[in-house]
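> how does the following fold in three dimensions:
(one chain, ligands or ions: 1)
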Amino acid sequence: MILNTFEYLMMNNPVRAMLQRRYEARKLLRMGGPMRGGRALEVGCGRGVGVEVILDCFGADAVDAFDLDPRMVAKAGRRLKRRGDRARLWVGDAARIDAADATYDAVFDFGIIHHVPEWRAALAEIFRVLKPGGRFYAEEVLRAYILHPIWRRLLDHPLEDRFDHAQFQAGLTQAGFVVTAARPFAKSFAWYIADKAAAPDAERA
Ligand SMILES: C[S@@+](CC[C@H](N)C(=O)[O-])C[C@H]1O[C@@H](n2cnc3c(N)ncnc32)[C@H](O)[C@@H]1O
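Numbers count the residues shown, from 1 in each chain. Got it, this is the predicted structure:
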């Protein structure tokens with residue numbers, strides 16, 4: 001679901017960028033460690049700050065990223081122009097990811113899956129496009145926040161079938177992931193590291 005004007009402004013300002021760089025990304029980095037190069041995907045990339053973080057802090061060689069909102073993709077395109085072919089962008093839906101099976105070494109979600117009505121389909125798609133041995137770094141907004149009367153009035157979210165911490169963790173497991181770290185905060189936010197098991201041959205190598 002595309003953001004309403006209030007959330008669009010909340011997401012597109014220097015304070016949001018600082019929070020993402022200094023707090024959210026660092027938390028996921030402490031929990032899941034860096035990548036060892038390779039290609040990453042960011043779902044719901046917004047204006048592209050996450051792509052910069054994935055290249056500069058997580059150590060990806062290249063990042064593909066998409067967002068449902070063409071205005072966000074245009075903003076990200078301007079921000080990431082100087083990164084050349086290390087950043088590739090498109091308009092797309094996390095519930096139907098336009099990428100082949102087993103393409104990515106890591107997938108990143110900076111707070112977008114709670115915007116997807118079919119959130120379990122998004123998790124299944126992320127699992128599908130990860131390589132065996134790949135890692136999913138996720139930060140999410142939980143049901144208690146979405147249904148809080150103040151935020152319900154100010155923000156537009158799908159309201160049916162929203163998840164709490166236990167349900168998101170169960171969704172990850174159902175999609176096939178092994179959850180290796182999870183940190184819920186105040187029933188409203190949570191961070192997860194979830195791995196797709198390596199192929200048996202790779203484990204023996
Ligand atoms: C809360 S914003 C987060 C943006 C960015 N990840 C950040 O951290 O600043 C959620 C983003 O998800 C996008 N979005 C919503 N539904 C989506 C979907 N089904 N597939 C891809 N992106 C989606 C919105 O357009 C918006 O840019």
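> residues in contact with stretch 67-80?
Outside stretch 67-80, the residues within contact range by C-beta atoms under 8 Å, 6 or more residues apart in numbering are 1-3, 8, 12, 44-49, 51-52, 65-66, 87, 89-94, 115. All C-beta atoms are positioned from the backbone trio N, CA, C, and that covers glycine.
> hey, C-alpha coordinates of that stretch in CSV?
The C-alpha atoms that make up stretch 67-80 are tabulated as CSV, following Å, rounded to 0.1, in the frame of the first residue of the first chain:
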residue,chain,number,x,y,z
ASP,A,67,9.3,0.1,-4.4
LEU,A,68,5.6,0.1,-5.2
ASP,A,69,5.6,3.9,-5.5
PRO,A,70,7.1,5.4,-8.7
ARG,A,71,7.7,8.7,-6.9
MET,A,72,10.0,6.9,-4.4
VAL,A,73,11.8,5.1,-7.2
ALA,A,74,12.4,8.4,-9.0
LYS,A,75,13.8,9.9,-5.8
ALA,A,76,16.1,6.9,-5.3
GLY,A,77,17.3,7.1,-8.9
ARG,A,78,18.4,10.7,-8.3
ARG,A,79,20.1,9.8,-5.0
LEU,A,80,21.9,6.7,-6.4
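> residues contacting residue 180?
Contacts were defined as C-beta under 8 Å, 6+ apart; by that measure residue 180 touches 32, 193, 194, 195.
> and if we set it to 6 Å?
By C-beta atoms under 6 Å, 6 or more residues apart in numbering, residue 180 lies in contact with 193, 195.
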